[in-house]
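Student: Any chance you can model this:
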Amino acid sequence: MADVREFKCPGCGGKLEFDAATQQMLCPFCGGSFDPKTIRDPQTPDAVQQKWSAQEEQTLKTYLCRSCGGEIITEKTTAATHCPYCGNPVVMTDRVSGALRPDVVIPFQLTKQQAIDAMKKYIKTKRYAPSLFYSENRLKEIKGVYVPYWLFDSSVDADVCFTTAKTRSWYDSGYDYTETSYYEMERSGKMHFANVPVDGSEKMPDDLMDSLEPYRMDGAEAFRTAYLSGFFADKYDVDKSRCMERAHERMKNSAASELASTIPAGYSIESRSSRIQVLPENARYALFPVWLLRTEYLGRTYTFAMNGQTGAFIGEVPISKKKLAWLFGSVAACVSAAVWAIGLLAGLYG
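Tutor: Numbers count the residues shown, from 1 in each chain. Purely as a prediction, here's the structure:
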């Protein structure tokens with residue numbers, strides 16, 4: 001006799017069915033959605049099912065939900081999430097204790113609805129997005145995430161030599177004159193940088209996180225796990241030493257830019273040589289709030305992010321080829337009209 005297998009919903013006990021469109025196991029009774037890889041096969045011995053590959057053992061960890069007893073499988077960097085069965089928020093305290101305990105956290109100040117409203121407003125400002133994108137993009141996912149950051153304090157001793165140039169022009173009845181004078185200017189100074197942030201997550205693109213800065217450190221609180229409840233959170237997977245290199249590079253660039261700003265107006269500036277020394281003083285581990293939103297349009301996913309404290313927003317929006325063609329056509333028409341007008345005047349006064 002052939003085996004008959006039924007897969008039960010971990011949440012309500014209903015029969016799960018595989019959905020080809022989503023590639024998920026769906027429960028028609030409670031609406032639950034589950035990754036097929038995490039569903040237990042009722043005909044396979046537990047000892048076989050619980051055997052993970054070497055790679056899985058390095059990257060995954062299992063917890064039991066205290067509310068429903070469901071098995072929660074997480075990445076080893078996950079510090080807070082939701083139970084996939086009952087939906088209850090859970091915090092993995094071993095990920096935020098001891099040496100892994102953050103020093104400070106900036107709690108979420110803006111709500112999920114405010115993030116959705118900000119996304120709609122942001123999309124409306126993109127005049128070259130396809131017209132249908134405004135109405136037909138569909139919100140696929142939204143979640144509040146505490147992103148791990150390292151905050152660095154350092155003193156900087158900087159000495160930069162600039163090659164500068166100043167140009168003046170004049171004319172007389174017969175000629176136009178241009179004179180360019182070149183100078184060397186040296187600037188030096190000592191500066192102190194506090195709370196220079198560098199994100200400590202491999203999963204978060206650095207350029208995306210940089211675009212959400214700055215965060216206001218006057219809103220930082222001493223870390224408590226209660227702030228994580230109801231949100232997602234990761235512990236750092238980029239250590240302090242690696243992040244320090246990037247922080248020091250940011251400090252050096254800022255120091256050079258600050259010294260360049262002291263050159264009087266009217267001079268062109270080029271850095272000729274520099275000596276910038278960074279003296280590390282302190283580093284702290286922090287969690288910063290980020291809303292991540294993903295929408296779907298014509299089969300493609302678009303990602304947006306919002307600073308959960310200040311509301312700074314960034315994201316990718318498609319560009320309409322028709323609108324761009326119209327823009328270039330309009331510019332070309334204006335240029336042609338200008339050339340025609342110049343030609344007409346030359347014919348009249350030539």
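
Student: any idea how far Ser135 lies from Lys121?
Tutor: According to CB to CB, to the nearest Å, Ser135 stands 15 Å off from Lys121. Every C-beta, even on glycine, is put in place using the N, C-alpha and C of the backbone.

Student: go on, Phe152?
Tutor: In terms of CB to CB, Phe152 sits 34 Å off from Lys121.

Student: So if I had to pick from those two, which one is more boxed in?
Tutor: Between Phe152 and Lys121, Phe152 has the larger neighbour count (other CB atoms under 10 Å), namely 25 against 10.

Student: Need the three-state assignment for the residue lying closest to that one once chain neighbours are set aside.
Tutor: Closest residue to Phe152 in three dimensions, ignoring its sequence neighbours and counting by CB to CB, 6 or more residues apart in numbering: Ala247, at 4.2 Å. In terms of secondary structure, Ala247 is helix; the call rests on DSSP: H, G, I helix; E, B strand; the rest coil.

Student: Kindly report the same for the one 5 residues further on.
Tutor: In the three-state summary, Lys252 is assigned as helix, counting by three-state DSSP.

Student: residue contacts, it?
Tutor: Under the criterion of CB atoms under 8 Å, 6 or more residues apart in numbering, the neighbours of Lys252 are 156, 158, 276, 278.

Student: per-residue pLDDT, it?
Tutor: Reading off the confidence values, Lys252 has pLDDT 95.

Student: What residues are bridge-paired with Ala222?
Tutor: With DSSP bridges as the criterion, the beta-bridge partners of Ala222 are Val104.

Student: Please apply the same query to Phe288.
Tutor: Val147.

Student: What is the neighbour count of it?
Tutor: Using other CB under 10 Å, Phe288 has 25 other residues around it.

Student: What residues does it make contact with?
Tutor: By CB under 8 Å, 6+ apart, the contact set of Phe288 is 105-106, 146-147, 149, 197, 215, 308-309.

Student: Would you check how far apart it and Pro102 are?
Tutor: If you go by CB to CB, the gap between Phe288 and Pro102 works out to 10 Å.

Student: Next: Lys166.
Tutor: Counting by CB to CB, the gap from Lys166 to Pro102 is 51 Å.

Student: Which one's more surrounded, those two?
Tutor: When Lys166 and Pro102 are compared for neighbours, Pro102 comes out ahead with 24 against 13, by other CB under 10 Å.

Student: So the more buried one is in contact with Asp234, correct?
Tutor: No: contact criterion CB atoms under 8 Å: Pro102 and Asp234 do not qualify, at 11.2 Å.

Student: what is in contact with those two at once?
Tutor: Residues touching both Pro102 and Asp234 comprise Pro148, with contact defined as CB under 8 Å, 6+ apart.

Student: Look at Thr164 and give its secondary structure.
Tutor: Three-state call for Thr164 (three-state DSSP): strand.

Student: which residues sit in contact with it?
Tutor: 182-185, 263, 267-270.

Student: rerun at 10 Å
Tutor: Residues touching Thr164, when contacts are defined by CB atoms under 10 Å, 6 or more residues apart in numbering, comprise 181-185, 260, 263-264, 266-270, 272.

Student: Likewise for Arg216?
Tutor: For Arg216, the contacting residues are 106, 109, 307, 309-310, by CB under 10 Å, 6+ apart.

Student: again, 7 Å this time
Tutor: The contact partners of Arg216, by CB atoms under 7 Å, 6 or more residues apart in numbering, come to 309-310.

Student: Then Ser261?
Tutor: Counting by CB under 7 Å, 6+ apart, there are no residues that Ser261 touches.
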